[in-house]
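[1] Give me coordinates for this.
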Amino acid sequence: QVQLVESGGGLVQAGGSLRLSCATSGRTFNSYFMAWFRQAPGKERDFVALINWSGANTYYADSVKGRFTISRDNAKNTVYLQMNSLKPEDTAVYYCAARARSFTGDQRAVSSYDYWGQGTQVTVSS
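    Below is the predicted model of the structure:
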């Protein structure tokens, strides 16, 4: 069983930065695809960013491209989301997700991921 634990959320003013972390258990972390999603109140959970097992390939939602950076440290079993130039519309609960196998469907879909963290709240004030 894989466990994911997010941290680093909080309250920040517009234009500020936060770095989220997702610590994982399990000895096969370095073989997982890792992603970040977010869910605002009353809305669906949306894809934010994805990183492959080695960290060489990343993919972002258009809404965060150029502002957010996903990275991973396989030695620490941790994935990060550096969020810069934050906007009020970035306010949401941010979730870490993991997939153990190669993608066969939409890599942006919630249903494509096997494991989820409990989420961390990010609030951006205007």
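
[2] Strands of the protein, start to end?
    Applying DSSP state E to the chain gives strands spanning 4-7, 10-13, 18-24, 33-39, 45-51, 58-60, 68-73, 78-83, 92-99, 115-116, 120-125.

[3] For the second one, C-alpha coordinates in PDB please.
    Going back to what we said before, that points to strand 10-13. Extracted as PDB, the C-alpha positions of strand 10-13 are listed here (Å, rounded to 0.1, in the frame of the first residue of the first chain):
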ATOM      1  CA  GLY A  10      -1.200  28.000   3.700                       C
ATOM      2  CA  LEU A  11      -2.400  31.500   3.200                       C
ATOM      3  CA  VAL A  12      -0.500  33.800   0.800                       C
ATOM      4  CA  GLN A  13      -1.100  37.100  -0.900                       C
END
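
[4] That one pairs with which strands?
    According to DSSP bridges, strand 10-13 forms sheet pairs with strand 120-125 (parallel).

[5] List the buried residues in the strand it pairs with.
    Thr120, Val122, Val124 (16 or more other C-beta atoms under 10 Å). Placement of C-beta: from N, CA and C, glycine included.

[6] Which residues outside that strand are in contact with it?
    Contacting residues not belonging to strand 120-125 are listed as 6-14, 16, 18, 20, 38, 83, 86-94 [C-beta atoms under 8 Å, 6 or more residues apart in numbering].

[7] The same query, at a cut-off of 6 Å, please.
    Applying C-beta atoms under 6 Å, 6 or more residues apart in numbering, the contact partners of strand 120-125 are Glu6, Gly9, Leu11, Val12, Gln13, Ala14, Leu86, Pro88, Asp90, Thr91, Val93, Tyr94.

[8] sorry, back to before: point out the one among the strands of the chain that comes closest to Gly105.
    Taking C-beta to C-beta, strand 92-99 is the member of the strands of the chain nearest to Gly105, at 10.4 Å.
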